[in-house]
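Engineer: predicted coordinates and the sequence they were generated for:
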Amino acid sequence: MRGSHPARRGLRTGLLATVCLSAVVTGCAGPSGPAGPKAAPADAASAAPAARAEAAATGEPAVDGARPPAAPPMLPGLARKEEESSSEAVARQETAVRTALETAQRWGLAEPPLKAPPPPAAKPRLRAMQGVKIKDGLPPVVFRVPTDDKVVFLTVDDGAEKDPQFNKMAAELGIPLSAFVSDYLARDNYGYFRDLHSQGVEINNHTINHRNLKIHDYETQRYEICTQQDQLEQQIGVRPRLFRPPYGEYNDDTLRAAGSCGVQAVPLWNEEAFPDHMEWRYDDQRLHPGDIILTHFRGTEDWKATMPDLLRRVLNEVTAQGYALGRLDDYL
């Protein structure tokens, strides 16, 4: 083997001495004895419990012996953008509140109606309980929708009065409702109910001639219900899923006939609304979560009041009791 050149050996020796001297001076040199665990500095060990306690109080994650490094400061441009977005959101909210108050006042309400919670993603599965009657193979009969939300449902029957101001009031206030229409009253102006449907109101079945079904045979009942199913599908464009028997009178033949032509549920009611009062099923005269309220398409000839007067009465009562109106068809 060839030996190293003396000049090169001298250069390597000089460099090694320089590196070792630098390591000693900066404290980076390894221990001279056998390697072992390195003890933590006393001040770091005593600081760890305090750091963990502070992290628990502030919600920040703890790091042994010290708090985590602070987040880098937000760039000035981003901070201004966030402040502007927050200000815009507050301004939009204030505008919405002011608009709702002005709309409520314009329609003579004591205060704006409460906003209903979002409807369930899937309709609740009905079972026999208070407010729900079920028989195998028949559509359920519902007086009260199963829900814990402070929401009740306004339903409007028949179809004699066709007041465009009622549609306008419901639209401007964002009031959800469901209609149950009889053909003999609606046939002169189905366009009125198509307008309601375009506002999100489902137009449901209330028979062709508004007969007391309970006193008729199955075939008569089936004609009354199924013919109106066909008529509403033709006039409105949607085949109803809900059916309400006139006067709330029904029997098993009624439910069987309704089920035979696509009806999925039969909602009745717990309260009935008039322009000057409410009629209550229960003695406490209070609303309960899921209650169904009945009223009618009637006007000054029957009530000496308009349909906006009726809606005003209902909304003031519902809001005063801390409830919002929901859309029945979203739950059944």
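Structural biologist: Ah, there it is.
Engineer: in this structure, where's the longest helix?
Structural biologist: Counting residues, the longest helix found in the chain (DSSP state H) is helix 76-106.
Engineer: check which helices and strands that one sits against.
Structural biologist: helix 164-173 (3 or more C-beta pairs under 8 Å, 6 or more residues apart in numbering; DSSP states H and E). Placement of C-beta: from N, CA and C, glycine included.
Engineer: contacts for the helix it packs on next, please.
Structural biologist: 103-104, 106-107, 109, 112-113, 175, 177, 192, 195-196, 199, 201, 306-308, 310-311, 315 (C-beta atoms under 8 Å, 6 or more residues apart in numbering).
Engineer: what about 7 Å?
Structural biologist: Contacts of helix 164-173 with the rest of the structure, by C-beta atoms under 7 Å, 6 or more residues apart in numbering, involve Thr103, Trp107, Pro113, Leu177, Asp195, Leu196, Gln199, Thr306, Met307, Pro308, Leu311.
Engineer: what do you get for stretch 247-260?
Structural biologist: Contacts of stretch 247-260 (C-beta under 7 Å, 6+ apart): 138-139, 212-214, 218, 221-222, 225-226, 243, 245, 266, 268.
Engineer: give me the sheet partners of the longest strand along the chain and which way each runs.
Structural biologist: The residue-count maximum for a strand in the chain (DSSP state E) belongs to strand 151-158. Sheet pairing of strand 151-158 (DSSP bridges) gives strand 178-181 (parallel), strand 292-296 (parallel), strand 324-326 (parallel).
Engineer: in the longest one, what counts as buried?
Structural biologist: It stands for strand 292-296. Using 16 or more other C-beta atoms under 10 Å as the test for burial, strand 292-296 gives Ile292, Ile293, Leu294, Thr295, His296.
Engineer: just the buried ones from the contacts of helix 164-173?
Structural biologist: Here, 16+ other C-beta under 10 Å leaves Thr103, Trp107, Pro113, Leu177, Asp195, Leu196, Thr306, Met307, Pro308, Leu311 buried among those.
Engineer: for the second one, what are its contacts?
Structural biologist: Residues touching Trp107, when contacts are defined by C-beta under 7 Å, 6+ apart, comprise Met169, Leu173, Pro308, Arg312.
Engineer: same question, the last one
Structural biologist: Neighbour list for Leu311: Phe166, Met169, Ala170 [criterion: C-beta under 7 Å, 6+ apart].
Engineer: show the pLDDT at the closest residue to Glu271 other than its chain neighbours.
Structural biologist: In space, Glu271 comes closest to Ile293 once its chain neighbours are excluded; the distance is 4.7 Å by C-beta to C-beta, 6 or more residues apart in numbering. pLDDT recorded at Ile293 is 98.
Engineer: what's across from Ile293 in the sheet?
Structural biologist: Bridge pairing for Ile293 - DSSP bridges - gives Leu154, Glu271.
Engineer: my guess is Pro289 meets Asp148, correct?
Structural biologist: Yes. If you go by C-beta atoms under 7 Å, Pro289 and Asp148 touch, sitting 5.8 Å apart.
Engineer: coming back round to it: by neighbour count, which of the contacts of stretch 247-260 wins?
Structural biologist: Each of the contacts of stretch 247-260 was scored for neighbours by other C-beta atoms under 10 Å, and Phe243 scores highest at 28 neighbours.
Engineer: quick revisit: by how many degrees do the longest helix of the chain and helix 164-173 diverge?
Structural biologist: 160 degrees (axes from the mean of the first three to the mean of the last three C-alpha atoms, to 10 degrees).
Engineer: show me the helices in this protein, by range?
Structural biologist: Using DSSP H, helices in the chain cover 6-26, 42-58, 76-106, 164-173, 183-186, 190-198, 218-236, 252-260, 300-303, 307-320.
Engineer: what are the buried residues along the third one?
Structural biologist: Translated: helix 76-106. So, applying 16+ other C-beta under 10 Å, buried residues of helix 76-106: Ala100, Thr103, Ala104.
Engineer: low-confidence stretches in the stretch 1-150 of the chain?
Structural biologist: For the stretch 1-150 of the chain, residues meeting the criterion pLDDT under 70 lie at 1-84.
Engineer: cutoff 80 now
Structural biologist: 1-85 (pLDDT under 80).
Engineer: check contacts around the closest residue to Leu242 other than its chain neighbours.
Structural biologist: Spatial nearest neighbour of Leu242, chain neighbours left out: Asn204 (4.3 Å); criterion: C-beta to C-beta, 6+ apart. Counting by C-beta under 7 Å, 6+ apart, Asn204 touches Ser178, Ala179, Phe180, Pro240, Leu242, Phe243, Arg244.
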